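Visitor: Quick check, what structure comes out for this input:
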Amino acid sequence: MNEREKILVDNLVEYAVFADQAYQKKKYNTAVTLYFKKICAAIDLYLLRKSNLVPSSHTDRFRILQEKFPEIYELLDKDFPFYQESYNKRMNREAAKVLKDDATRITEMG
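Guide: The predicted structure is shown next:
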């Protein structure tokens, strides 16, 4: 495992641990934010392993996925609004559960 891959794995694990803690404590805004970060780290790890690419931004990540991995793009595109709304709305258990499940699904793909 190279250094870049190790960083992504370490970040993914860190996001997962704290997202699960927030979810259990019913801190759903924090959980949504961290599950989305876990999703992005898992996607970046997947892209690194499959294409030797690591996106530099959300825009870059979306573009790469749309072009090369449309099934993952659709999932990320569906989840991104939850992340955006977590800044100015109260998130609920259902929204956090959607991202939690998607984060697990994407992590298992890589």
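
Visitor: Now do the lengthiest helix in the chain: which elements does it pack against?
Guide: Scanning the chain for the helix with the most residues, using DSSP state H, yields helix 28-51. Helices and strands touching helix 28-51, by 3 or more CB pairs under 8 Å, 6 or more residues apart in numbering; DSSP states H and E, are helix 3-24, helix 58-68, helix 70-85, helix 93-109. The C-beta positions use only the backbone N, C-alpha and C, and glycine is treated the same way.

Visitor: I'd like those laid out as a markdown table, including distance to residue 32 and mean neighbour count.
Guide: Below are the helices and strands packed on helix 28-51 laid out as a markdown table (distance: least, CB to CB, whole Å; neighbours: other CB atoms under 10 Å):
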| stretch | distance to residue 32 | mean neighbour count |
| --- | --- | --- |
| helix 3-24 | 8 | 16 |
| helix 58-68 | 15 | 15 |
| helix 70-85 | 5 | 16 |
| helix 93-109 | 5 | 17 |
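
Visitor: Just put the ones you listed in a markdown table and tack on mean pLDDT.
Guide: Formatted as a markdown table, the helices and strands packed on helix 28-51 follow (pLDDT from 0 to 100):
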| stretch | mean pLDDT |
| --- | --- |
| helix 3-24 | 97 |
| helix 58-68 | 95 |
| helix 70-85 | 95 |
| helix 93-109 | 96 |
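
Visitor: Let's have those helices in a markdown table, adding distance to residue 35.
Guide: Below are the helices and strands packed on helix 28-51 laid out as a markdown table (distance: least, CB to CB, whole Å):
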| stretch | distance to residue 35 |
| --- | --- |
| helix 3-24 | 5 |
| helix 58-68 | 15 |
| helix 70-85 | 8 |
| helix 93-109 | 4 |
